[in-house]
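In: here are the coordinates; sequence isn't available:
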């Protein structure tokens, strides 16, 4: 009988892992479902382990009533000793319930930035832009502000242009108008009502014109549109007779 029980426990432990693996690699499942599968797998493995410990103890002839009573006495001490682990477990549940991020999201928390590759009972694993792995305690994630880059609707681009202070005001205004028209006419531009190109500031030797626009969420789209905007700014400034500011050493 004990052999059958052990086989059953090992089978249940393996089944929990297989179900979690199947759900996390299902292409049709959402990121939140994959996150839930990751936590569910950890909880299932822990439940099977605890149940197996009690079953094995009962089969071996130990007094389960005495064990339960002993756990009640030592429970407080264990809880105090493992308070960090308990906090991390509750943190994992909070992540699943509140869903500040999901598997595959790119987040930044406490100066750490990376892609969420696993959400465990104690730790959340991030893969950084340098392809390194960082483990963050779940309690730290729950108690810290989290910046989720994957949830943004668009990307903001701020592009300053510095011209010589001797530039004609009419040419500067034309530059702003034409650049603004070009950006808003581009199909990759979003949030047009908040996009603008204006004269930002003027100093003793230069005038700063700044373009503020928004692109689609894709980083590839952002880089391509930024390159096109810079090329267009160069062509437009040449056509209008505007010269970019060149810092010079001043003689005393």
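Out: Yes, it's here. The model shown is predicted, which means the values in this text are computed figures rather than measured ones.
In: contacts, neighbours, all on C-alpha from now
Out: Fine.
In: Report pLDDT for residue 148.
Out: Note on residue 148: pLDDT of 93.
In: Tell me how many other residues surround it.
Out: The tally of other residues near residue 148 (other C-alpha atoms under 10 Å) stands at 18.
In: How much space separates it from residue 105?
Out: 7 Å (C-alpha to C-alpha, to the nearest Å).
In: Residue 184 too?
Out: According to C-alpha to C-alpha, residue 184 stands 29 Å off from residue 105.
In: pretty sure residue 121 is touching residue 88, no?
Out: Yes - contact status for residue 121 versus residue 88: in contact at 6.7 Å, counting by C-alpha atoms under 8 Å.
In: Which residues are in contact with each of the two?
Out: Common neighbours of residue 121 and residue 88, counting by C-alpha atoms under 8 Å, 6 or more residues apart in numbering, are residue 138.
In: ok, what's across the strand from residue 207?
Out: residue 163, residue 202 (DSSP bridges).
In: Residue 108 and residue 126: what is the separation?
Out: Computed as C-alpha to C-alpha, the residue 108 to residue 126 distance reads 10 Å.
In: Quick check: buried residues in stretch 195-215?
Out: Residues of stretch 195-215 classed as buried: 195-199, 206-215 (neighbour count, 16 or more other C-alpha atoms under 10 Å).
In: Which ones among those lie within strands?
Out: 196-199, 206-215 (DSSP state E).
In: Name the nearest of the residues you listed relative to residue 156.
Out: When these are ranked by distance to residue 156 (C-alpha to C-alpha), residue 214 comes first, at 4.5 Å.
In: The closest one against residue 193, yeah?
Out: No - counting by C-alpha under 8 Å, residue 214 stays clear of residue 193, with 9.9 Å between them.
In: Check the ones in strands among the buried residues of stretch 195-215 and tell me the two furthest apart.
Out: Greatest spacing in these, by C-alpha to C-alpha: 206 and 215 (28.4 Å).
In: can you pull out the helices in the stretch 51-200 of the chain?
Out: Along the stretch 51-200 of the chain, counting by DSSP state H, counting those that start in this stretch, helices occupy 64-81, 83-98, 138-142, 169-185.
In: Now the last one: buried residues?
Out: If you call a residue buried by 16+ other C-alpha under 10 Å, then helix 169-185 has these buried ones: 171, 172, 175, 176, 179, 180, 183, 184.
In: can you tell me which two in those are farthest apart?
Out: 171 and 184, at 19.9 Å, using C-alpha to C-alpha across those.
In: which stretches of the stretch 51-200 of the chain have low pLDDT?
Out: The stretch 51-200 of the chain contains residues with pLDDT under 70 at 54, 56-83.
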